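Participant: Here is a sequence with its predicted model. Questions after.
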Amino acid sequence: MGRTTLRIAKTAIQFKRGATEDLWRLTLSQIPTVFGRLLYLSSLRNHNLGRHEHHGFAQTHGEEAADRAMRESHEQIFAEWLLLDLAQQKRDLEGYLESLGEYPRRLVEVWLRLAPYRGYVPTAVRATDRSLFHNDIETILSIFKAGYGVSGPGPDA
């Protein structure tokens, strides 16, 4: 089999597998925390258009299929996060913070001040689920604030 034939066969297999399967197999399964997956997918959303965009992924699967796979996965992971109890969410978020290699205290300070987690919610979720997510994160941040000795504003500031 020549190189060109091999390349075409490989592309055909990728299309046959599907965008969602590739997204999970190649990317999301490599992210160790639910929160990390949630943040990653939210970072791919174009906030002006509400679409998820990833150039390489769109080149392989097409823009519509790529957006759909990322949007549906974003919603699925968001639902998975909400199904965790508060203690599980706290452990998962701690795991995410530790995976960054940054000083967690500084991240907690920034999150308390800027509330970037508000942008991690998928577009098509109910207001009650959005509110539950915000409340859960803010509760965990309050726990972290005390645990890390963070001074300064809380999430409502």
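Facilitator: That came in fine, so what should we check first?

Participant: number of nearby residues for the residue nearest to residue 70 when sequence neighbours are not counted?
Facilitator: Leaving out its chain neighbours, the residue that sits closest to residue 70 by Cβ to Cβ, 6 or more residues apart in numbering is residue 52, at 3.5 Å. To be clear about C-beta, it is placed using only N, CA and C from the backbone, and glycine gets the same treatment. When neighbours are defined as other Cβ atoms under 10 Å, residue 52 has 26 of them.

Participant: ok, now residue 45?
Facilitator: Residue 45, neighbours per other Cβ under 10 Å, totals 20.

Participant: Identify the residue spatially nearest to it, adjacent ones excluded.
Facilitator: Closest residue to residue 45 in three dimensions, ignoring its sequence neighbours and counting by Cβ to Cβ, 6+ apart: residue 52, at 5.1 Å.

Participant: what does the helix or strand containing residue 92 rub up against?
Facilitator: For residue 92, the host element (DSSP states H and E) is helix 86-99. Outside helix 86-99, the residues that touch it by Cβ atoms under 8 Å, 6 or more residues apart in numbering are 32-36, 39, 81, 84, 104, 107-108, 136-137, 139-140, 143.

Participant: Can you tell me which of those are buried?
Facilitator: 33-36, 39, 81, 84, 104, 107-108, 136-137, 140 (16 or more other Cβ atoms under 10 Å).

Participant: Including distance to residue 114, could those go into a markdown table?
Facilitator: Shown next, in a markdown table, are the buried ones among the contacts of helix 86-99 (distance: Cβ to Cβ, whole Å):
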| residue | distance to residue 114 |
| --- | --- |
| 33 | 20 |
| 34 | 22 |
| 35 | 17 |
| 36 | 19 |
| 39 | 14 |
| 81 | 20 |
| 84 | 24 |
| 104 | 16 |
| 107 | 11 |
| 108 | 11 |
| 136 | 18 |
| 137 | 13 |
| 140 | 16 |
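
Participant: All good on my end, thank you.
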